[in-house]
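Undergrad: next come a sequence and a model predicted from it.
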Amino acid sequence: MIYRGYNIRTVDAIDLQRHNYNEHKTDFCDGVYVELYNQADDGLTERIGDTTFAVGYEIPDLREDTVEKAIREYVDDHILGLDCVRNEVIAERKNHLVGRLVSWIGEEQSGAELYNTLSEYIGMTDDEIRQCGFKSLVPYFDREAYAQTIAEHMIFVGTDNTTTGNWHFTFEEIGERFGVNLSEDTEMLDMITEELYKQGDVISEVGVYCDEFDLTFYLNYCPYVDKEEFEDVAYDQQM
């Protein structure tokens, strides 16, 4: 059965348990298992949802039209949740296929040739290339744009995790994630620092030391900071 973009399979079931509240007992009923797949999933490999219909409870009988009516009503009632799961399944499959393609290309090419294929022909961003594990290609990245990506990551992580308005990033931590050696690559270090300074509406102070960044954010951008507590401290200090 195809309905609202879903390929729906039913299987006869026996001994479906339902609680009989009137007689305070458990009933064992005939019924159907219902499995939902994306309509394009011809092999029925990625199940999106499932349910059961028991005779005497969700359905009055096992006639085909009765079961199909119950399925349509179930899908209509749960369409938002089903669509969310379906979109996640589709996205995950696409990512899996792209990952396999990129891995295959990586076995055939390397260096500038591989970077050009991933960037120009597939259209991947530098950070997407890095996320796929090709940190060896970092030297071919647009350094200014990559510095901006790293700075944006630091701001997002810092503001989303701090409870004080302050957050530290070690050079090693940044290097492991982004494939840069900030202890030696002073040019990249300077570019990241410059990008952080450009975010003066979010960052009040930028400290760069021998092996780490020390960032202080304005509290309005930090959702997990108790702003009233810090306002009280500032008031006491003024007194």
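TA: Sure, I can see it. Numbers count the residues shown, from 1 in each chain.

Undergrad: could you use CA atoms for every contact and neighbour count after this?
TA: Fine.

Undergrad: what about Phe137, how many neighbours?
TA: To be clear, residue 137 is Leu; Phe isn't right here. Using other C-alpha atoms under 10 Å, Leu137 is surrounded by 17 other residues.

Undergrad: wait, what's in contact with it?
TA: Contacts for Leu137 (C-alpha atoms under 8 Å, 6 or more residues apart in numbering) come out as Gly111, Ala112, Tyr115, Arg130.

Undergrad: what's the nearest residue to the last one if we skip its chain neighbours?
TA: In space, not counting the residues next to it along the chain, Arg130 is nearest to Phe178; the distance is 6.9 Å by C-alpha to C-alpha, 6 or more residues apart in numbering.

Undergrad: go on, the second one?
TA: Leaving out its chain neighbours, the residue that sits closest to Ala112 by C-alpha to C-alpha, 6+ apart is Tyr140, at 6.8 Å.

Undergrad: what residues of stretch 125-135 count as buried?
TA: For stretch 125-135, the buried set under the neighbour-count rule, 16 or more other C-alpha atoms under 10 Å, comprises Asp126, Asp127, Ile129, Arg130, Phe134, Lys135.

Undergrad: quick one, strands of the protein?
TA: 2-3, 6-20, 25-38, 47-54, 166-170, 203-208, 212-217 (DSSP state E).

Undergrad: can you redo those strands as JSON lines with mean neighbour count?
TA: Formatted as JSON lines, those follow (neighbours: other C-alpha atoms under 10 Å):
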{"stretch": "strand 2-3", "mean neighbour count": "14"}
{"stretch": "strand 6-20", "mean neighbour count": "15"}
{"stretch": "strand 25-38", "mean neighbour count": "18"}
{"stretch": "strand 47-54", "mean neighbour count": "18"}
{"stretch": "strand 166-170", "mean neighbour count": "17"}
{"stretch": "strand 203-208", "mean neighbour count": "16"}
{"stretch": "strand 212-217", "mean neighbour count": "19"}
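
Undergrad: domains of the protein?
TA: By the assignment in automatic domain parsing, the chain contains the domains 2-78, 143-228.

Undergrad: tell me, how many neighbours does Leu196 end up with?
TA: 23.

Undergrad: which residues touch the residue nearest to it when sequence neighbours are not counted?
TA: In space, and not counting its chain neighbours, Leu196 is closest to Ala151: 5.8 Å by C-alpha to C-alpha, 6+ apart. By C-alpha under 8 Å, 6+ apart, the contact set of Ala151 is Ile192, Thr193, Glu195, Leu196.

Undergrad: ok, now Tyr221?
TA: Taking C-alpha under 8 Å, 6+ apart, one finds Thr159, Val202 in contact with Tyr221.

Undergrad: what do you get for Val67?
TA: Here Val67 is in contact with Ile59, Asp61 (C-alpha under 8 Å, 6+ apart).

Undergrad: please shift the residue numbers so they start at 24 in all later answers.
TA: Sure, I'll start numbering at 24, so the last one becomes Val90.

Undergrad: mind listing what's buried along stretch 87-105?
TA: Across stretch 87-105, burial judged by 16+ other C-alpha under 10 Å covers Val90, Glu91, Ala93, Ile94, Val98, Leu105.

Undergrad: redo these as JSON lines? Include pLDDT and distance to Leu39.
TA: Converted to JSON lines, those look like this (pLDDT from 0 to 100; distance: C-alpha to C-alpha, whole Å):
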{"residue": "Val90", "pLDDT": "97", "distance to Leu39": "15"}
{"residue": "Glu91", "pLDDT": "96", "distance to Leu39": "19"}
{"residue": "Ala93", "pLDDT": "97", "distance to Leu39": "16"}
{"residue": "Ile94", "pLDDT": "96", "distance to Leu39": "17"}
{"residue": "Val98", "pLDDT": "95", "distance to Leu39": "21"}
{"residue": "Leu105", "pLDDT": "93", "distance to Leu39": "23"}
